[in-house]
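Asker: Predicted structure and sequence below. I'll ask about it afterward.
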Amino acid sequence: MKYKIISVADSKTLIQESKPMILDCRAIKDYKAGHLQDALHVHESLKESLVKRGDKQRSLLIYCYYGHASEHLAEFFHDFGFKDVYSLEGGYSSWKEQHQEA
């Protein structure tokens, strides 16, 4: 696999230690309703900008609602040369569920 699927617990460690760029690929209405701190909403112009001028050495943490669409986007960025790309297992729903339990 070209990208890594990462658990919520491991993603919290990744965020603290590596300061990845966090990308939310859900619909804009869902992003506006709530998202991970410092996450950017992925839209076509952001994707194009990252592919052309993004720091390909910086880690990317990508999530969607349940963890499926983010896998496709993670593969996309990996194919364009990004070295450390992560897809959040279970997506935002898992993050929110585990964040509320903590």
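Answerer: Arrived safely, thanks for sending.
Asker: which residues of this protein score low on pLDDT?
Answerer: Scanning the chain for pLDDT under 70 picks out the ranges 1, 101-102.
Asker: Excluding chain neighbours, give the residue nearest to Asp55 in space.
Answerer: Leaving out its chain neighbours, the residue that sits closest to Asp55 by Cβ to Cβ, 6 or more residues apart in numbering is Met21, at 8.0 Å. Where you see a C-beta, it was placed from the backbone N, CA and C, and this is true even at glycine.
Asker: Next: Leu60.
Answerer: Going by Cβ to Cβ, 6+ apart, Leu60 has Val85 as its nearest residue, at 4.8 Å.
Asker: quick one: the strands in the protein?
Answerer: Assigned by DSSP state E, the strands in the chain fall at 4-6, 21-24, 40-41, 60-63, 85-88.
Asker: Quickly compare those strands and say which is most buried.
Answerer: Ranked by mean neighbour count under mean count of other Cβ atoms under 10 Å, those are led by strand 60-63, which reaches a mean of 27.
Asker: Check which strands are paired with that one and give the direction for each one.
Answerer: strand 21-24 (parallel), strand 85-88 (parallel) (DSSP bridges).
Asker: Kindly reformat those strands as TSV containing distance to Leu36.
Answerer: Shown next, in TSV, are the strands paired with strand 60-63 (distance: least, Cβ to Cβ, whole Å):
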stretch	distance to Leu36
strand 21-24	5
strand 85-88	9
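Asker: Surely Phe77 and Ile62 touch.
Answerer: Yes. Counting by Cβ atoms under 8 Å, Ile62 is a contact partner of Phe77 at 7.3 Å.
Asker: Mind listing the shared neighbours of these two?
Answerer: Residues touching both Phe77 and Ile62 by Cβ atoms under 8 Å, 6 or more residues apart in numbering: Val85.
Asker: thinking again about what came up before, can you say which of the strands paired with strand 60-63 is nearest to Asp30?
Answerer: Closest approach to Asp30 among the strands paired with strand 60-63 (Cβ to Cβ): strand 21-24, 8.1 Å.
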